[in-house]
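J.: Quick one: sequence plus predicted model below, questions after.
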Amino acid sequence: MYNGRNGLTYKMQEETAVNISSLIEDCRRNNRKAQEMLYRQHYAFAMAIAMRYSSDEHDAADIMSHAFVKLFKSIHTYDAQKGSFHSWLKRIVINEALDHIKARHRFITAREMEIAEEPSIENAVIERMNAQDIMTQIQKLPPATHAVFVLYAVEGFNHREIAEKLNISEGTSKWHLSEARKKLQQQLQHF
Amino acid sequence: MNNNPIYEQLIAQKLEQAPVPDMADAIWARITIQLDEDSTGDDNNNTPPSDPKTPATLLLKQISWVVLFAITIMIITRNWNRVKNNPAPQPVVLPVQTAPSVPGPQDKKALPVIQQQSRSGSSTTSPGSIDSVHPQPFTRLPGAVTISNLDSLQKTTPGVKSPFLTPRLTIDSLLPPTHKGVKGIVDDDYRIVPDTATKNHKGG
């Protein structure tokens, strides 16, 4: 049970019914219960994003904690007119994940490529695999290559956008994508 | 949107369905700690600085001024008493000494000139080798020390010692007394005493 500043009563079982704008308003007043409610409502969504960019669940937990601290500190800047809260949260988590990777790993900038190679992987192989197996195979990629692959293949960013986000050239981004495809092809041969 | 191969689209779909680990409580605990630390830091930073015009601040300022004034007065009084009890010694005005203690080869020519001047008692120098070095004539102060009157000066003022002369150190003051000869043998041991037994033997 949570009694908000405005007299609103939130129940954990009725998370989906809670008016998110009221929660955000209470979070702006540094109401800890409201912050917890907002966090728990969006935990699965944010954790799924963090897991895509991390090598394991502890790495993802680091990304999550930093991302939500940033979110609560800057929640007064959120403008519902500019976009949904989910989009804003997703952008914060992705940016935190990329900062996490950039702080710990080096992107190879010496290797450039005009066009990313596209080694063939049978669709049937992917269809046979479950989500956890695919996640495990992607997490085996080198961190920088892993990040470029997820940004391109899952999030849908193009190489120019990836280059801006990671402070690398477009050629380097293409090289990492080719590397990811080659390595995935090798890894998926066993399935 | 990128024109991804089909298998990449399948991968993206599968990743959306991937289960997430149940770490919500642990992560929330970390978030709470971080938020608490930040809010504590903000509170500390938001404390307003003390108003310099409050009565307490003014009183503190006045007290500090009084203490500073008292310390200054004490230091001045102490120095004044010290100067009063121990007057500074009169500065010794040494007469200008023109002649070097050891004349160099060039000064050997000048030495008779100086001696001649002292004998004649004139206060100005005649042109000589010194004048070639110092073309302007100089005036000798009365009572100035020269080589010629140094001996007479020392005789007339026996109590005054030259500040440049250091007392001669005796060996006794520096080294412990040394023992002559072999330790344990006194001078009497070296005294030659006529052997009465031999005399008696020779005599007998």
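T.: Structure received. Residues are numbered from 1 along each chain as shown, chains lettered A, B, ... in the order given.
J.: Quick one: neighbours of residue A:97, just the number.
T.: Summarising burial for residue A:97: neighbours were counted as other Cβ atoms under 10 Å in any protein chain shown, giving 26. All C-beta atoms are positioned from the backbone trio N, CA, C, and that covers glycine.
J.: no no, residue A:43
T.: As a burial measure, residue A:43 scores 19 neighbours (other Cβ under 10 Å).
J.: now swap in the one 5 residues further on and tell me
T.: By the other Cβ under 10 Å criterion, the neighbourhood of residue A:48 contains 20 residues.
J.: same thing with the one 10 residues further on?
T.: With neighbours defined by other Cβ under 10 Å, the count for residue A:58 comes to 12.
J.: ok, the helix or strand harbouring it near chain B or not?
T.: Here residue A:58, judged by DSSP states H and E, is contained in helix A:57-73. Yes - taking Cβ under 8 Å from any Cβ of the partner chain as the criterion, helix A:57-73 and chain B are in contact, through A:57, A:60-61, A:64-65, A:68-69, A:72-73.
J.: filter these to the buried ones?
T.: Among the residues of helix A:57-73 next to chain B, those classed as buried by neighbour count (16 or more other Cβ atoms under 10 Å in any protein chain shown) are A:57, A:60-61, A:64-65, A:68-69, A:72.
J.: which residues of chain B score low on pLDDT?
T.: Low-confidence regions of chain B, defined by pLDDT under 70, span residues B:1-2, B:41-55, B:87-183, B:185, B:189-190, B:193, B:195-204.
J.: longest helix anywhere in chain B?
T.: Scanning chain B for the helix with the most residues, using DSSP state H, yields helix B:55-85.
J.: quick one: buried residues of that helix?
T.: Of the residues in helix B:55-85, none is buried (16+ other Cβ under 10 Å).
J.: related to what we said a few turns ago, would TSV of the residues of helix A:57-73 next to chain B with pLDDT and distance to residue A:135 be doable?
T.: Compiled in TSV, the residues of helix A:57-73 next to chain B are given as follows (pLDDT from 0 to 100; distance: Cβ to Cβ, whole Å):
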residue	pLDDT	distance to residue A:135
A:57	92	10
A:60	95	11
A:61	96	15
A:64	97	16
A:65	96	20
A:68	97	22
A:69	96	25
A:72	96	28
A:73	95	30
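J.: now, among these, which is nearest to residue A:27?
T.: Among these, residue A:72 lies closest to residue A:27 (Cβ to Cβ), at 6.2 Å.
J.: That closest one contacts residue A:36, doesn't it?
T.: No - using Cβ atoms under 8 Å, residue A:72 is not in contact with residue A:36, being 10.3 Å away.
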